[in-house]
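**Student:** here is my input; please provide its structure:
(one chain, ligands or ions: 1)
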Amino acid sequence: MCGIIAVTGEGASVEILTTGLRRLEYRGYDSAGVVVQTRSDGFARYRAAGGTKSLVALEEEAGRYHGEIISGIGHTRWATHGGPTLFNAHPHFDCLEEIAIVHNGILENFRELKEDLLAVGHVFSSETDTEVIAHLIEAQLPFSRNLAAAVAIVAKRMRGAMAFVVASAGEPGVLVGFKRMAPMVIGTDGKSWFLASDIPAILDRASTFYHIDDEHIVILKPSGAVMCDLDLHEVPLESFSVDWTLESAERSGFDDFMSKEIFEQPGALRDTLAGRMTPDGSLVLDEQPADPDLWARINKVFIVACGTSYHAGMVAKYAIEHWTKIPVELDISSEFRYRDPVVDERTLVVAVSQSGETLDTLAALHEARNLGAQTLAVCNVVGSSMARLADAVLYTRAGPEVGVAATKTHTSQIGALMMLALQLAKVKGQLYPQEVQELYRQLLSLPNKMSEVLELWEEMRALALRYGGRSRFYFIGRHVGYPVALEGALKLKEISYLPAEGYPAGELKHGAIAMLDADAVVFALATRTRLYEKVMSNIEEVRARSSSIVVLGNPGDESVVNADESFVAVPQVHPLFAPIVDVIPLQMFAYHVARGLGNDVDRPRNLAKTVTVE
Ligand code: AGP
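**Tutor:** Residues are numbered from 1 along each chain as shown. You can find the predicted model right below:
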């Protein structure tokens with residue numbers, strides 16, 4: 001939901017801003033813009049609106065600027081308040097064009113604040129909530145010592161989750177950032193200082209990274225960075241290391257990030273699993289809970305997540321309940337905190353999130369902590385808000401995921417959650433350490449199986465050609481096949497925009513079967529998992545309605561399809577681990593259908609990779 005980049009110092013350039021925006025484009029691409037500042041000539045602003053073409057236009061326009069800049073701010077937008085037009089594109093100015101701002105998130109009380117400003121004569125040139133902040137700072141600045149002091153006061157009046165960066169024409173080279181439940185990090189190479197919504201934006205520039213605490217401002221100058229609370233008391237900066245390489249954030253010869261990330265899955269899972277289990281079957285977390293006896297006390301697990309991460313959580317529920325006998329509840333994060341969840345100090349609330357910044361999940365994690373639960377974050381971005389908030393952290397080590405449609409982080413999440421299930425089973429005495437070790441060994445063998453599945457790339461392209469023109473798609477599965485069905489449908493919807501539904505196969509007959517006709521395509525998850533035979537019966541029900549059938553099964557089961565149907569063979573693995581391999585052909589099918597339709601798979605319409613609004 002919008003990407004922010006800012007730079008000040010010796011090396012500041014337009015190119016740093018536009019390159020950073022390119023790497024943040026997955027956060028939104030309704031428009032793009034920069035403001036650069038020289039020591040003496042004030043601001044120069046460049047903006048472009050036009051969907052995925054915005055940044056190309058901006059690079060051309062702003063690339064012609066040759067002034068010697070000292071600092072700059074940049075933005076790529078996912079529209080919330082006001083349409084995706086040029087006049088709503090960031091950066092925004094105050095009345096006098098002396099305050100420039102880029103903003104990610106929502107100013108919830110913008111209406112009342114705007115009315116106050118209009119009443120005293122402020123003139124607005126956009127429909128955005130962001131511009132209100134620029135005018136608030138303009139109004140406050142004459143009564144404050146400097147820009148930072150004005151921002152601190154204004155921040156106290158604002159409601160909503162957000163991060164923003166402002167510059168003032170009166171203080172060349174000074175940038176002030178504010179963070180509240182939205183991502184933003186500091187980076188430096190020693191010569192320049194950066195602020196960015198996400199690490200890849202500055203990965204090729206910064207060598208040291210620092211966290212920003214929520215409800216804090218940061219003051220960046222060419223000479224360094226300072227973090228303060230909203231009463232302007234300085235708080236020490238805490239650095240963190242990043243082991244992502246620049247190559248991992250580039251397409252590296254692939255047509256797009258999504259195909260690259262699909263093919264990175266074996267390595268991502270391997271890295272996520274490596275060295276995680278001690279010989280006695282204990283899980284090695286990235287951040288241990290303060291209380292080492294926590295695991296023994298847990299009598300309930302609650303998983304909160306959104307979208308694809310939620311589907312990984314669904315798979316985990318089957319495994320945790322099977323191996324540990326501990327009840328597992330699962331909730332869509334945006335529902336969790338509005339429904340009186342039954343959670344106490346013996347409940348482990350697990351937040352699953354690629355970004356670690358999804359506002360709904362972050363808010364659910366806050367709620368869980370308020371309710372006294374023990375909390376664990378399973379996320380991919382080191383130092384993300386969820387990782388910093390939770391009592392314990394288990395990172396997926398999938399590397400940066402840029403494609404909006406999550407792929408490698410999904411299979412890595414399932415792998416991480418399987419290890420959590422094994423850890424709980426061991427602590428609860430439900431599995432012997434040797435049994436945990438044997439299952440861990442089977443997990444470690446999965447990357448090779450995934451590589452075999454990747455060889456289906458051309459076969460899935462052929463299936464996409466065969467069925468891509470159909471109007472409706474159904475994905476059916478039972479037990480762990482059900483979340484795979486949901487994920488297959490979500491992937492297809494996200495990037496092809498075709499109607500697709502994931503369904504528990506046994507539930508079809510209770511309503512959705514009425515939708516089946518010869519134009520529908522039904523993908524059946526029929527690998528040898530727990531309810532294999534029942535899925536076979538459900539396939540017969542579909543067959544009787546003359547829909548096209550694609551069966552995803554294990555080698556040797558090819559005879560379950562008729563001559564006019566399709567069979568996709570994936571290797572057989574432990575039934576609870578099957579989603580890790582079974583989902584890959586569905587990712588590939590969605591990819592090929594979307595490419596066949598000419599869609600931009602990395603930047604699907606209306607979506608943003610990290611959803612930092614409620
Ligand atoms: C996945 O393809 C989607 N882009 C989306 O459903 C995503 O999984 C969801 O927004 C949650 O994001 P998170 O994992 O970063 O929390």
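**Student:** so where do the helices sit in the stretch 401-550 of the chain?
**Tutor:** 408-427, 433-444, 446-454, 457-467, 481-496, 532-543 (DSSP state H, counting those that start in this stretch).
**Student:** could you dump those helices to TSV with mean neighbour count?
**Tutor:** To be clear about C-beta, it is placed using only N, CA and C from the backbone, and glycine gets the same treatment. Converted to TSV, these look like this (neighbours: other Cβ atoms under 10 Å):
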stretch	mean neighbour count
helix 408-427	27
helix 433-444	17
helix 446-454	19
helix 457-467	16
helix 481-496	26
helix 532-543	17
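**Student:** how much space between the closest residue in space to Arg180 that isn't next to it in sequence and Leu465?
**Tutor:** Excluding the flanking residues, the one nearest Arg180 by Cβ to Cβ, 6 or more residues apart in numbering is Asp214, at 5.3 Å. According to Cβ to Cβ, to the nearest Å, Asp214 stands 49 Å off from Leu465.
**Student:** neighbours around the residue nearest to Arg180, how many?
**Tutor:** Neighbourhood size, Asp214 [other Cβ atoms under 10 Å]: 16.
**Student:** how about the residue in the chain positioned nearest to the ligand, what does it touch?
**Tutor:** Closest residue of the chain to the ligand, Cβ to the nearest ligand atom: Gly307 (1.8 Å). By Cβ atoms under 8 Å, 6 or more residues apart in numbering, the residues touching Gly307 are Ala406, Leu490.
**Student:** 7 Å instead?
**Tutor:** Gly307 is in contact with Leu490, counting by Cβ atoms under 7 Å, 6 or more residues apart in numbering.
**Student:** mind listing what Pro183 touches?
**Tutor:** So Pro183 contacts Ala163, Ser197, Asp198, Glu357, Ser384, Ser385, Thr610, Thr612 (Cβ under 7 Å, 6+ apart).
**Student:** I'd assumed it was in a strand, is it?
**Tutor:** No - Pro183 is assigned coil when assessed by DSSP: H, G, I helix; E, B strand; the rest coil, not a strand.
**Student:** close to the ligand: what parts of this structure are there?
**Tutor:** Selection of the chain residues close to the ligand by Cβ under 6 Å from any ligand atom yields 306-309, 353-355, 358, 361, 404-406, 494, 610-611.
**Student:** return the member of the residues you listed nearest to Val35.
**Tutor:** Using Cβ to Cβ, Thr610 is the member of the residues of the chain next to the ligand that lies nearest Val35, at 23.4 Å.
**Student:** what about the closest one, how many neighbours?
**Tutor:** Per other Cβ under 10 Å, the neighbour tally for Thr610 reads 27.
**Student:** tell me the phi and psi of the closest residue to Gly160 other than its chain neighbours?
**Tutor:** Distances taken as Cβ to Cβ, 6+ apart place Glu108 nearest to Gly160, at 3.7 Å, with adjacent residues excluded. In terms of degrees, to the nearest 10, the main-chain angles of Glu108 are phi -70, psi -30.
**Student:** can you show me the CA trace of stretch 475-494 as CSV?
**Tutor:** The C-alpha trace of stretch 475-494 is given here as CSV (Å, rounded to 0.1, in the frame of the first residue of the first chain):
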residue,chain,number,x,y,z
PHE,A,475,-10.7,-26.2,-7.1
ILE,A,476,-11.8,-28.9,-4.8
GLY,A,477,-9.9,-30.9,-2.1
ARG,A,478,-10.4,-32.4,1.3
HIS,A,479,-8.4,-32.3,4.5
VAL,A,480,-5.1,-30.6,3.6
GLY,A,481,-6.2,-30.6,0.0
TYR,A,482,-8.9,-28.0,0.9
PRO,A,483,-6.4,-25.1,1.7
VAL,A,484,-4.5,-26.1,-1.4
ALA,A,485,-7.8,-25.7,-3.4
LEU,A,486,-8.4,-22.3,-1.8
GLU,A,487,-4.8,-21.2,-2.6
GLY,A,488,-5.1,-22.5,-6.2
ALA,A,489,-8.3,-20.4,-6.7
LEU,A,490,-6.8,-17.3,-5.0
LYS,A,491,-3.7,-17.4,-7.3
LEU,A,492,-5.9,-17.7,-10.4
LYS,A,493,-8.2,-14.9,-9.3
GLU,A,494,-5.4,-12.6,-8.3
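**Student:** residues contacting it, please?
**Tutor:** Residues outside stretch 475-494 that contact it (Cβ under 7 Å, 6+ apart): 307-308, 311, 314-315, 318, 405, 410, 473, 498, 500-506, 508, 522-525, 529-531, 534-535, 538, 576, 578-579, 582-583, 586-587, 590, 593, 604, 607.
**Student:** go with 6 Å
**Tutor:** With contact meaning Cβ atoms under 6 Å, 6 or more residues apart in numbering, stretch 475-494 is reached by 311, 314-315, 318, 405, 473, 498, 500-506, 523-525, 529-531, 534-535, 578-579, 582-583, 586-587, 590, 604.
**Student:** stretch 275-288 now?
**Tutor:** Ala392, Val393, Leu394, Tyr395, Met419, Gln423, Lys426, Pro433, Val436, Gln437, Tyr440.
**Student:** picking that back up, got the contacts of Pro183 as TSV, with distance to Arg39, pLDDT and secondary structure columns?
**Tutor:** Shown next, in TSV, are the contacts of Pro183 (distance: Cβ to Cβ, whole Å; pLDDT from 0 to 100; DSSP: H, G, I helix; E, B strand; the rest coil):
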residue	distance to Arg39	pLDDT	secondary structure
Ala163	27	96	strand
Ser197	27	94	coil
Asp198	29	90	coil
Glu357	35	92	coil
Ser384	36	88	coil
Ser385	35	90	helix
Thr610	35	80	coil
Thr612	34	78	coil
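**Student:** and the residues you listed, which two are the farthest apart?
**Tutor:** The most widely separated members of those, counting by Cβ to Cβ, are Ala163 and Ser384 (12.9 Å).
**Student:** now the helices for the stretch 101-250 of the chain?
**Tutor:** Under DSSP H, counting those that start in this stretch, the stretch 101-250 of the chain gives helices at 110-119, 130-140, 147-157.
**Student:** most tightly packed of those helices?
**Tutor:** Counting by mean count of other Cβ atoms under 10 Å, helix 130-140 has the highest mean neighbour count of the helices of the stretch 101-250 of the chain, with a mean of 25.
**Student:** that helix vs helix 147-157, what angle?
**Tutor:** For helix 130-140 against helix 147-157, the angle by axes from the mean of the first three to the mean of the last three Cα atoms, to 10 degrees is 120 degrees.
**Student:** how's the chain carved up into domains?
**Tutor:** Recorded structural domains for the chain (assignment: automatic domain parsing) are 3-249, 260-449, 455-596.
**Student:** any weak-confidence spans in the stretch 251-400 of the chain?
**Tutor:** For the stretch 251-400 of the chain, applying pLDDT under 70 flags no range at all.
**Student:** quick one: the helices in it?
**Tutor:** In the stretch 251-400 of the chain, the helices defined using DSSP H, counting those that start in this stretch lie at 257-263, 265-273, 294-297, 307-324, 333-336, 359-370, 385-389.
**Student:** what's the separation between the spatially closest residue to Ile326 that is not a sequence neighbour and Val378?
**Tutor:** Of all residues not flanking Ile326 in the chain, Val301 sits nearest, at 5.7 Å (Cβ to Cβ, 6+ apart). With distances taken as Cβ to Cβ, Val301 is found 12 Å from Val378.
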